[in-house]
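Participant: This is the structure alone, sequence omitted:
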């Protein structure tokens, strides 16, 4: 994995996610950040990240809308949600739309490692 | 805390503050408009709480996490229509925002989030209550939410966090909703730990997958005893070795696990006591409470009480007598820390040695009457001592309030800058380096300084330097809207309090001002707006009688006028009474009764800025807020600003704050008088003329009047005013610079104009005293000093022209 795109409207949360990514053993990756779905979409198109870690609820364009847009592009990179919305219907919605995983905040090193492992196994 | 965490915290605080400032006015507007809840606003407020919650939980800011979670839930209810944005609910949300703001400041400072006073918990609780009541009862009855029922549903999720190792299925749907509910039980309103008898419950209820909670009670009892034993051991070793930190941590861990188990099984009363003891223990751990025998005693008592309670399980989960007392003791001890605790009357009495802790506990047990009263009634404390303690309490509260006020004043030290501006800056620096190279190489490549290249290169360098200055200055400029947005709340609060109807209209909020200016004018604006609502806008009845709309209008506008920012506060209220201001001014000896009638309105109104000139007594009958207008004036003067007042009785008052765009640099005209150079701010100069002798009139008292474009203006001979040997004595030989300020103009007589310069203002040294009408000095290109004239001061020094 070379490039990880973190999409979250909160800078603090992006820093938290970036740190957790590092702690989970992906310290060598280039981390790219975007602050909403629209920016995220542009970043995916321009940077072709190997993994997208995306918030659900954001201004401009939500994480789900972003994933839909990527589906429309026909170019969905490995995509995971990191969100506080852990209800089953949201989870189902996310996975149906092609997300590889949905981690409910608080976002921990173990949760990320598990998710990535699960993603690779699949 | 490591650097990275600190950085995360600081981003968290900064973005949270910003978002709060942004959503607060939206919320207020939404409730004021009385329209159907605006989905967009609700979504934004929701997102604020939502983002904060996520980061807070990572950063382990527990109380922020809990309050934002509750607020978020309320916002969801608003979105689904289960709650309505009533004024009461919006008020509660605003209070939550305020409390969160205060908490952010604390977190920024200390890096830890401690809800010492329990304020956030209380606010969160009342927020939920208000939210529940915000919809008509018909709807409410559809969604009954008895706390106990919800808490019982909550049980499965808490399990994962505690040490009871019994399989219970995790019902996924419970995952999101539930942690809140368990906490809610802890934060029940009577958090004062004086527990009401048994509402403990349903250990025999079944969880969803058929595992009976009763099956879990047995392991809980066994483990609970172990945990309490461990806690007691640790506490006892603490008594013998007061310094060790290990035992405290051990005791804390044990108690914490015990509490978690209680919460899981729904033993609310036991959990509450465990929680209180844990809080006290935490304070001991943090060194906020001394490891005194009293404190350790209270902790041991509570461990005993907990053990008794556990021994009565599973049959009887009610709370034993002694435990109630223990809980109160623990509470009293933990009150020792924190602001709230320090201002509690019971605590003060103990500290003063008037009573002892157990007297207080009994008084607290008694009932809900004020503790002081109970103590006095029982003769445990004499009325005189109680009064003294109450006095101290008031004093401590005052100190606290002042400390809070100071905290608010602390300016933000970082600044958000538009990336475009930074890019422009970088571009210019690049160009600067190129231009500099051109200048350096210009003479050498052509062998002579007088080559054609040098002037060109210098001109280029000059152009870039100026652009650089402009960009550098623009970096400090921020839109004034952040300052203005805070005012919406101020106006609303004051108007509500006084039962007045006021609509605030804000214009020009995109106007950019220096960051310092934006910060400094905040307080004066608050005072002026409060005054406008308090003294200006009349009560609805009065307005109706005067034939005005019942709702008063307050306009707050900002605009660029010349090199100044004008911030204008305009109300359509009762206006300022010239007569009464004059009466007061004469009474205070600010003006003689004889001179009074000849004063202009502007001069009269200026009196209200005099120190100690009570606006309340002078202008309206409503009591003042204790904020003198002189403070407002001083603060505006700090940013070199000026205040103009215009007022028409029964029609309203307009107050204009005129503040220079920047505080550091002025465009000035350099003039010469004899061998001295002065700089006149360009903004004040209307024109410069060489007078014809027929236009000059000499008055009998020696004053000279010049007619310029039909207007008669006084002449101020600069050489006489400053005692300089001039080049020219005759007006026709020198030049007259017409300067104006505040609607008045005079002619300054100088020898010659040198030219226009952008100058950096330097202050004058204090040992010069208070030089006549000089605001500072600047260094000219040739290294000489030029004195900057204070035009307003000069005009004031001239007898009024016709």
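Facilitator: Received, thanks. Not measured: the values here are computed from a predicted model.

Participant: Can you name the residues of chain B sitting close to chain A?
Facilitator: B:4, B:7-9, B:11-12, B:15, B:44, B:46-47, B:50-51, B:53-55, B:57-59, B:172-173, B:175-176 (C-beta under 8 Å from any C-beta of the partner chain). Heads up, the C-betas are built off the backbone N, CA and C, glycines and all.

Participant: Take those residues and, keeping just the buried ones, write it as a PyMOL select command.
Facilitator: Here is the PyMOL command that selects the buried residues among these (16 or more other C-beta atoms under 10 Å in any protein chain shown):
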select buried, chain B and resi 8+9+11+12+15+44+46+47+50+51+53+54+55+57+58+59+175+176
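
Participant: Do a quick rundown of the strands in the stretch 551-700 of chain B.
Facilitator: B:552-561, B:564-571, B:642-648, B:652-660, B:665-673, B:676-681, B:685-689, B:696-698 (DSSP state E, counting those that start in this stretch).

Participant: Reformat these as CSV; add mean pLDDT and mean neighbour count.
Facilitator: Below are the strands of the stretch 551-700 of chain B laid out as CSV (pLDDT from 0 to 100; neighbours: other C-beta atoms under 10 Å in any protein chain shown):
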stretch, mean pLDDT, mean neighbour count
strand B:552-561, 90, 18
strand B:564-571, 90, 22
strand B:642-648, 86, 17
strand B:652-660, 89, 22
strand B:665-673, 87, 21
strand B:676-681, 92, 22
strand B:685-689, 91, 16
strand B:696-698, 87, 13
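
Participant: Rebuild these as CSV, extending it with distance to residue B:236.
Facilitator: Converted to CSV, these look like this (distance: least, C-beta to C-beta, whole Å):
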stretch, distance to residue B:236
strand B:552-561, 64
strand B:564-571, 65
strand B:642-648, 68
strand B:652-660, 66
strand B:665-673, 70
strand B:676-681, 77
strand B:685-689, 84
strand B:696-698, 100
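
Participant: Which of the residues of chain B next to chain A fall within helices?
Facilitator: B:4, B:7-9, B:11-12, B:15, B:44, B:46-47, B:50-51, B:53-55, B:57-59, B:175-176 (DSSP state H).

Participant: who's in contact with residue A:102?
Facilitator: A:80-83, A:86, A:90-91, A:94-95 (C-beta atoms under 8 Å, 6 or more residues apart in numbering or on different chains).

Participant: Which secondary structure state does residue B:729 sit in?
Facilitator: Under DSSP: H, G, I helix; E, B strand; the rest coil, residue B:729 falls in the coil class.

Participant: any idea of the pLDDT on it?
Facilitator: Note for residue B:729: predicted pLDDT of 90.

Participant: and what of residue B:766?
Facilitator: For residue B:766, the model assigns a pLDDT of 71.

Participant: What is the neighbour count of it?
Facilitator: Counted by other C-beta atoms under 10 Å in any protein chain shown, the residues lying close to residue B:766 total 7.

Participant: Figure out which of the strands of the stretch 551-700 of chain B is closest to residue B:768.
Facilitator: For the strands of the stretch 551-700 of chain B, the distance to residue B:768 is smallest for strand B:676-681, at 14.5 Å, taking C-beta to C-beta.

Participant: So what are the sheet partners of that closest one and their directions?
Facilitator: In the sheet, strand B:676-681 lines up against strand B:665-673 (antiparallel), strand B:785-789 (parallel) (DSSP bridges).

Participant: and the direction of it versus that of strand B:652-660, what angle?
Facilitator: Relative orientation of strand B:676-681 versus strand B:652-660 (axes from the mean of the first three to the mean of the last three C-alpha atoms, to 10 degrees): 130 degrees.

Participant: which bits of chain A sit near chain B?
Facilitator: Counting by C-beta under 8 Å from any C-beta, chain A sits next to chain B at A:9-13, A:15-16, A:19, A:57-59, A:84-88, A:104-107.

Participant: Can I get the buried part of the contacts of residue A:102 as one ChimeraX selection?
Facilitator: The buried residues among the contacts of residue A:102 can be selected in ChimeraX (16+ other C-beta under 10 Å) with this line:
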select /A:80,81,82,83,86,90,91,94
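
Participant: Out of the contacts of residue A:102, which comes closest to chain B?
Facilitator: Distance to chain B, by C-beta to the nearest C-beta, is smallest for residue A:86 among those, at 5.0 Å.

Participant: confidence score at the nearest residue to residue B:7 once chain neighbours are set aside?
Facilitator: Excluding the flanking residues, the one nearest residue B:7 by C-beta to C-beta, 6 or more residues apart in numbering or on different chains is residue A:15, at 6.8 Å. Per-residue pLDDT puts residue A:15 at 87.
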